[in-house]
Structure formats: C-alpha cells, structure tokens
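**Q** curious how this folds, go ahead:
(one chain, ligands or ions: 1)
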Amino acid sequence: MSSEPLLRLENVGKRFGGLTVLDQLSFSVHGGEIVGLVGPNGSGKTTTINVISGVHQADVGRVIFEGHEIQRLPSFRIAHRGINRSFQVPKCFREMSVRENVEVAATFANRGEVEIDGILEQVGLTSQADIQAGSLTVNQQKMLDLGRALATNPRILLVDEIGAGLNPAELGGIASLLTSLAARGIALIVVEHLLDFLNRITNRVIVLGAGRLLFEGPLKEASQDPEVVAAFIGG
Ligand SMILES: Nc1ncnc2c1ncn2[C@@H]1O[C@H](COP(=O)(O)OP(=O)(O)OP(=O)(O)O)[C@@H](O)[C@H]1O
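**A** Model (predicted):
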C-alpha cells in the first residue's frame, strides 16, 4: 500500500433542507485497499458515495483525489478522472444489449485499453452479451452495473449494496472479484449491510452514525465500540 492516500475526505458536510446528512466527515483510502462503509439505515452511506462521485456536491469540506480537489466537479468529469460506482438500484440502458452497455461506459475510460470481453467474463455475463439489458434479472443487472463501472478503468470503485438478494455462491463470486480488483491496485469503498461478506473482503470499516464517523478500524473491533453499538440499537 502506498503512503499517499488516493482519496481523502476533509470535514465534508452535506445537508438536505434542515437535515444534516454528513457532518464533518473525514477519512482516507489508499490504492489497493477495500474499505467497508457501514451504519444504520439513513446514516449517510449512499450520500457519502454520491458526494465522492459528484452526484451531490458537498456543502462544506474537501474531497481530494490524487492530490486534486474534486468536490466541485460534475460526475462525468469525476468518472473520467478515475472514480466510478455501482448503484443500489442498478442503472443500465435497458434497450441496449449487455455488450453495448459496457461499450458506452468504456468511452469514459481515460487510461489504458478496455477489454470488453474480459469485463463481461469478470462479471459473469459472457453468455448474455448480446441480449437486451432490460431482460436481465436484477442480480444480473447489478453485475452489469459493476461491469459498466469497471469499463471506465477506475482507480477507485464505489460499490453500493451489491450483496442484497444474492445467494452464497454469488456472494462468493463477488467477493473474489472485488478482492482481485484490489490486488490490481484499485481502491474500493463498499457500502454493505451484510457484515459477514464485508468481513471476508475488508481489513477496515468506517462506521457512520447520523452522518458522523463513529469508528474506523477492523470490523471485529467495531462491534465492541459503545458508540457503534448505541447507533445500531438506537441509543
Ligand atoms: N436527495 C435527497 N433529498 C433529501 N434527503 C435525502 C436525499 N438523499 C438522502 N436523503 C436523506 O439523507 C439521509 C441519509 O440517506 P442515505 O441514503 O445516505 O443513507 P444510507 O446510510 O445510505 O441508508 P440505507 O442504508 O438505508 O441505504 C436519509 O435521511 C435520507 O432520507
């Protein structure tokens, strides 16, 4: 792991109307690291990903990627720089084929060759390559979403609740895929409620409670932290 973080959030704050959703949130992520982002429903996990990926802009604070502030950039520029994400509810072009979906995403790649067939294989959609994306199952659409993110050649991949609804074999496949991406130097931030799954792939989790960082460290230690326990059982 390199000593300079790839991504750093500094005192990021985000409000929606009168609701403070992120409150002075600061953390760093290094290349090749898988960081779990956990917390109760509504604690700000998806908003964190939305702010990093430019879907929402932080009201205050800085998001620094490879030494440059990105908190005011639109999401397509952030994707082009090397940060991409999958969505909790997968978003694909339903009328296009699976392969075309990946090809469109690849136009955002700013470095290196994009191997469309290799990506389809990685996400287990080789035999579905020529069918309409809208006819895939929800789980397959999640994999396509991941494939589209991979087609941009990301240096950071933000994965939002990919595990829900997957069977143990599918979860095992995703765990191997995410681990292999990290081994190639990609940093991953994985939002997930499935703690066993996270335990398999992460060394470190960040626990949010009401938009604040409550804990940062190994998942096993998080469960012994009084603030974390209080946040999960409602204080
Ligand atoms: N665009 C928005 N407008 C208004 N409020 C929002 C918006 N997006 C999120 N929120 C609110 O911000 C809070 C944090 O939402 P967020 O989706 O980030 O939580 P989360 O930790 O990802 O939750 P979950 O585990 O349920 O997905 C919630 O109260 C949510 O209702």
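**Q** could you list the low-pLDDT ranges of the protein?
**A** Scanning the chain with the threshold set as pLDDT under 70 gives 1-2, 111, 234-235.
**Q** what does it have sitting close to the ligand?
**A** Residues of the chain lying near the ligand by C-beta under 6 Å from any ligand atom: Phe16, Val21, Gly39, Asn41, Gly42, Ser43, Gly44, Lys45, Thr46, Thr47. (C-beta placed from N, C-alpha, C; glycine too.)
**Q** switch to 8 Å and redo it
**A** Residues of the chain that fall close to the ligand, judged by C-beta under 8 Å from any ligand atom: 16-17, 19, 21, 39-50, 56, 88, 160-161, 191, 193, 208, 211.
**Q** list only buried entries from these.
**A** Among the residues of the chain next to the ligand, those classed as buried by 16 or more other C-beta atoms under 10 Å are 21, 39-40, 43-50, 56, 88, 160-161, 191, 208, 211.
**Q** so which of these belong to helices?
**A** Lys45, Thr46, Thr47, Thr48, Ile49, Asn50 (DSSP state H).
**Q** now the residue lying closest to Val51 once chain neighbours are set aside: how far from Gly44?
**A** Counting by C-beta to C-beta, 6 or more residues apart in numbering, Val51 lies nearest to Ala58, which is 5.1 Å off, once chain neighbours are set aside. From Ala58 across to Gly44, the span is 12 Å (C-beta to C-beta, to the nearest Å).
**Q** contacting residues around stretch 93-101?
**A** Stretch 93-101 has contacts (C-beta atoms under 8 Å, 6 or more residues apart in numbering) with 92, 104, 116, 120, 125, 128-134, 136, 144, 147-148.
**Q** buried set for it?
**A** Quick answer for stretch 93-101 (16+ other C-beta under 10 Å): Phe93, Ser97, Val98, Arg99, Glu100, Asn101.
**Q** ok, which pair from the contacts of stretch 93-101 is furthest apart?
**A** Ile116 and Gly134 (19.3 Å; C-beta to C-beta).
**Q** more neighbours: these two, which one.
**A** The neighbour comparison of Ile116 against Gly134 (other C-beta atoms under 10 Å) goes to Ile116, with 17 against 11.
**Q** show me what contacts that one?
**A** Neighbours of Ile116 in contact, by C-beta under 8 Å, 6+ apart: Arg99, Val102, Glu103, Ala106, Ala151.
**Q** residue contacts, the third one?
**A** Contacts here follow C-beta under 8 Å, 6+ apart; on that basis Glu103 touches Ile116, Ala151.
**Q** please renumber so the chain begins at 29
**A** Yes, from this point I'll number from 29; that puts the last item at Glu131.
**Q** please, which helix or strand holds the residue sitting nearest the centre point of the chain?
**A** Residue closest to the mean C-alpha point of the chain, counted by C-alpha atoms, centre = their mean, is Leu186 at 1.6 Å. Taking DSSP states H and E as the criterion, Leu186 maps to strand 184-188.
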